[in-house]
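Peer 1: Provided below are the primary sequence and the corresponding predicted coordinates.
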Protein chains: 2
Amino acid sequence: MSILVVGSVALDSVQTPFGRVKDALGGAATYFSAAASLYDQVNLVGVVGTDFPPEHLEFLESKKVDLRGLQVKEGRTFRWSGRYDYDMGAAETLDTQLNVFADFHPRLPQGYELSDLVFLANIDPELQVEVLRQVKSPRLTVLDTMNYWISYKKDTLSKALSLVDIVLINEVEARQYSNTFSLIRAARKILDLGPKALVIKKGEYGAVLFYKLDNGDGHPVGGKNGSFVGDHTYFFAPAYPLEKIKDPTGAGDSFAGGFIGYLSRVRNITADELKRAVVHGSVIASFVVEDFSIDRLRSLHKGEVLQRYQEFKHFTHFEHLCVHADTCEMLRLPAEGDLEWVNS
Amino acid sequence: MSILVVGSVALDSVQTPFGRVKDALGGAATYFSAAASLYDQVNLVGVVGTDFPPEHLEFLESKKVDLRGLQVKEGRTFRWSGRYDYDMGAAETLDTQLNVFADFHPRLPQGYELSDLVFLANIDPELQVEVLRQVKSPRLTVLDTMNYWISYKKDTLSKALSLVDIVLINEVEARQYSNTFSLIRAARKILDLGPKALVIKKGEYGAVLFYKLDNGDGHPVGGKNGSFVGDHTYFFAPAYPLEKIKDPTGAGDSFAGGFIGYLSRVRNITADELKRAVVHGSVIASFVVEDFSIDRLRSLHKGEVLQRYQEFKHFTHFEHLCVHADTCEMLRLPAEGDLEWVNS
């Protein structure tokens, strides 16, 4: 499988209570690529200026990210500067310089149109729609967005939302888009546009998945042959409990990288697989915020991801797990015994 | 088993975007008793004035709550009045009249000192310590508190915290008590005082359990014979996703009712049982906020609780559940197959 990402590549200057970096490697497509490349081959479409440090390109290439779609334009690279306070909930933007990103127009190099999974990171929804027109029957399309497009290009954004399989959005944006405080009503409004699933990211409070079932048993819900009827259903994953978050920048895009990366490895995209993908997204994001920029992704390896994935089980499951059938047999678990009031 | 609760019985006047009630049945001990009585026999210690409507006493008696410990004093019952906005996160207190509750001094009727489980609802920590001195080797003691005592009686509160098995506290109070933003550091500070477990309630964001393990396998952690060494461990339960919350008053005390009620029914209080107790607490709280005052608890029955408990599994577990051993056998679950990158 191959994964296509279209989005920003940036140089970020970030201050948090735990330090600061200047012109560090950033951008939605960068975080996504560095994360998703743990799982599969990534094709990146974006733009940088002629000032972009070559070592950043070398880093992405070392992760087997295909950079044929990364345009290099005369001028300066997109720069963002922001500050976080102790609660780390939301960045205060200090400065945004679009530079070469202002006129970005995604062009897919030959072969990219056959990418199996497509992630449209936060960019102008008109460009997101354009990319969707260029790809040929992808297995899965996923879109992220931000408050700016909800405020100024809502119609185009709604169109883009209606064309993708899965929407990733943060809590505040979900409420803003649907003009309601209730996340359940917000989710319904977005899913009613057409997507088969929606992930609402809540930062330190985790992530919520809403998905449509086709037959009520939690089975096939995605892929190009999937169909959805009936109710919207719900899954919750907490954030990994970290004592110290150094820099929350890129958490959402790394989440997307783990989420889509995992889905690229499964045979059928079922409700159960979507749940596990949300956990993979949460695991990857939990590593990224441990250090500035994409630095934690430089050294992160699969074993660490798997270990934290196992930990997630322990702090969310409250009934016995039977990973191996023979262990279950051995345990002879009682049938809902703990729930019975019958002996009272 | 029998459960002792010591706390307020009140008449509440509450406004929310969905309606209002005046002088409705309220108070921490009331919510707790109505909830815990679904699981076991409750002994209530508190005080009301001579104006307390007899139908409220009849309601509690109909739930088999023993009211011998409920003093009736000349004067008016404790009254609280508050308002919630759409986010339902925190009440704005409009008025508090302590009335007969101002001079409340808990007295345990004969036999109550043998109660198996003890819940010290939010009252002056001096009184909480007094109650602990009166009970004889309870199986489990649990304490709740509030910002007022953290601000004005922190030393006495710390003493009370050091004497109980489990502490229930909300997120803001945990941060206030420990003077740190990190909930993990806050939890460590509280657990280091002596409690074996801590539940931090986060309202619409669920509840977190921190507990100490004695040997790393998740087994015996509680009860008077339990001992704790080693690390603090973690479990997270989301709030039940409700489209409409009518009145959040009493959610925390009903949580305590479900939590302790469930624990009164289990043989050994293990880490696994604590997790399930947190889910029971969350389930009960999710019902209570569906209506004003304790009204939802008037009709709530065990079948509804069990059904919602099952739903919690579906929206938090991401690996296969094998409740019946033969189902696991049948499923022939792969050994961590979905997690392997080996075929890549």
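Peer 2: Arrived safely.

Peer 1: nearest to chain B: which residue in the stretch 1-150 of chain A?
Peer 2: Among the residues of the stretch 1-150 of chain A, residue A:86 lies closest to chain B, at 4.9 Å counting by CB to the nearest CB. Any C-beta I mention is one placed from the backbone N, CA and C, and that applies to glycine too.

Peer 1: that residue: what's its closest spatial neighbour, skipping adjacent residues?
Peer 2: Distances taken as CB to CB, 6 or more residues apart in numbering or on different chains place residue B:181 nearest to residue A:86, at 4.9 Å, with adjacent residues excluded.

Peer 1: that neighbour is in contact with residue A:84, isn't it?
Peer 2: No - assessed by CB atoms under 8 Å, residue B:181 is found out of contact with residue A:84, at 11.9 Å.

Peer 1: okay, those two: which has more neighbours?
Peer 2: residue A:84 (20 against 13; other CB atoms under 10 Å in any protein chain shown).

Peer 1: got the contact list for the more buried one?
Peer 2: Listed by CB atoms under 8 Å, 6 or more residues apart in numbering or on different chains, the contact set of residue A:84 reads A:14, A:15, A:16, A:17, A:90, A:91, A:92, A:247, A:248.

Peer 1: hang on, the earlier thing: from residue B:264, how far off is the residue nearest to residue A:86?
Peer 2: When distances are taken as CB to CB, to the nearest Å, residue B:181 and residue B:264 turn out to be 35 Å apart.

Peer 1: residue A:70: neighbouring residues, count only.
Peer 2: For residue A:70, the count of nearby residues is 20 (other CB under 10 Å).

Peer 1: swap in residue A:189?
Peer 2: Residues within reach of residue A:189, counting by other CB under 10 Å, total 17.

Peer 1: tell me the pLDDT at it?
Peer 2: The predicted local confidence for residue A:189 comes out at a pLDDT of 94.

Peer 1: contacting residues for the residue lying closest to it once chain neighbours are set aside?
Peer 2: Nearest residue to residue A:189, sequence neighbours excluded (CB to CB, 6+ apart): residue A:178, at 4.1 Å. Contacts for residue A:178 were tallied using CB under 8 Å, 6+ apart; they are A:185, A:186, A:189, A:190.

Peer 1: so which of the residues you listed comes closest to residue A:4?
Peer 2: The nearest member of the contacts of residue A:178 to residue A:4, counting by CB to CB, is residue A:190 at 22.6 Å.

Peer 1: all helices for chain A, in order.
Peer 2: A:28-36, A:54-62, A:125-134, A:147-152, A:154-163, A:171-178, A:183-191, A:251-264, A:271-288, A:295-299, A:302-314, A:325-331 (DSSP state H).

Peer 1: could you point out which of these sits nearest residue B:168?
Peer 2: helix A:302-314 (21.7 Å).

Peer 1: so which elements touch the closest one?
Peer 2: Other elements packing on helix A:302-314 under the criterion 3 or more CB pairs under 8 Å, 6 or more residues apart in numbering or on different chains; DSSP states H and E are helix A:271-288, strand B:232-237.

Peer 1: list the residues that contact residue A:77.
Peer 2: When contacts are taken as CB under 8 Å, 6+ apart, residue A:77 is in contact with A:9, A:10, A:11, A:48, A:49, A:51, A:52, A:99, A:100, A:101.

Peer 1: next one, pLDDT for the nearest residue to it once chain neighbours are set aside please.
Peer 2: Here the nearest residue to residue A:77 in space, its sequence neighbours aside, is residue A:49; by CB to CB, 6+ apart that works out to 4.1 Å. At residue A:49 the predicted local distance difference test score is 98.

Peer 1: list the contacts for residue A:49?
Peer 2: Going by CB under 8 Å, 6+ apart, the list of residues near residue A:49 reads A:72, A:73, A:74, A:75, A:76, A:77, A:78, A:99, A:100.

Peer 1: how many neighbouring residues does the fifth one have?
Peer 2: Counted by other CB under 10 Å, the residues lying close to residue A:76 total 17.

Peer 1: what does residue A:58 give?
Peer 2: For residue A:58, the tally of surrounding residues (other CB under 10 Å) stands at 9.

Peer 1: what pLDDT does the model give it?
Peer 2: According to the predicted model, the pLDDT of residue A:58 comes to 98.

Peer 1: how much space separates the residue nearest the centre of chain A from chain B?
Peer 2: Nearest to the centroid of the C-alpha atoms of chain A, with distances taken as CA atoms, centre = their mean, sits residue A:256, at 1.5 Å. Distance, residue A:256 to chain B, by CB to the nearest CB, to the nearest Å: 18 Å.

Peer 1: surely that residue touches residue A:143?
Peer 2: No - taking contact to mean CB under 8 Å, the distance of 9.7 Å between residue A:256 and residue A:143 leaves them out of contact.

Peer 1: now do the shared contacts for the two.
Peer 2: A:119, A:168.

Peer 1: residue A:299 - how many residues pack around it?
Peer 2: Using other CB under 10 Å as the criterion, residue A:299 is surrounded by 9 other residues.

Peer 1: what does the one 3 residues further on give?
Peer 2: Burial measure for residue A:302: 14 neighbouring residues, criterion other CB under 10 Å.

Peer 1: these two touch, right, it and residue A:37?
Peer 2: No - using CB under 8 Å, residue A:302 is not in contact with residue A:37, being 11.4 Å away.

Peer 1: roughly how far does the closest residue to residue A:149 other than its chain neighbours sit from chain B?
Peer 2: Distance criterion CB to CB, 6+ apart; nearest residue to residue A:149, sequence neighbours excluded, is residue A:157 at 4.9 Å. Per CB to the nearest CB, residue A:157 is found 24 Å from chain B.

Peer 1: tabulate the CA atom coordinates of stretch A:171-183 in CSV.
Peer 2: Listed next in CSV are the C-alpha coordinates belonging to stretch A:171-183 (Å, rounded to 0.1, in the frame of the first residue of the first chain):
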residue,chain,number,x,y,z
GLU,A,171,-13.2,19.5,19.4
VAL,A,172,-13.5,23.3,19.1
GLU,A,173,-13.7,23.1,15.3
ALA,A,174,-16.4,20.4,15.4
ARG,A,175,-18.5,22.6,17.6
GLN,A,176,-17.7,25.6,15.4
TYR,A,177,-18.6,23.9,12.2
SER,A,178,-21.9,22.5,13.5
ASN,A,179,-22.8,25.5,15.6
THR,A,180,-23.7,23.3,18.6
PHE,A,181,-22.1,22.6,22.0
SER,A,182,-23.1,18.9,21.9
LEU,A,183,-20.4,16.8,20.3
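
Peer 1: what mean pLDDT does it get?
Peer 2: Stretch A:171-183 shows a mean pLDDT of 93 in the predicted model.

Peer 1: buried stuff in that stretch?
Peer 2: When burial is assessed from 16 or more other CB atoms under 10 Å in any protein chain shown, stretch A:171-183 yields the following buried residues: A:171, A:172, A:173, A:174, A:175, A:176, A:177, A:178, A:180, A:182, A:183.

Peer 1: tell me which of the residues you listed is nearest to residue B:105?
Peer 2: Nearest member of those to residue B:105, counting by CB to CB, is residue A:182, at 43.9 Å.

Peer 1: that closest one contacts residue B:204, correct?
Peer 2: No - under the criterion of CB under 8 Å, residue A:182 is not in contact with residue B:204, lying 10.1 Å apart.

Peer 1: what about stretch A:9-20, average pLDDT?
Peer 2: Summarised as a single mean, pLDDT over stretch A:9-20 is 95.

Peer 1: in TSV: the buried residues of stretch A:171-183, plus distance to residue A:1.
Peer 2: What follows is the buried residues of stretch A:171-183, written out as TSV (distance: CB to CB, whole Å):
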residue	distance to residue A:1
A:171	30
A:172	32
A:173	29
A:174	29
A:175	34
A:176	33
A:177	30
A:178	32
A:180	36
A:182	36
A:183	31
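
Peer 1: and those, which two are the farthest apart?
Peer 2: A:173 and A:182 (14.7 Å).
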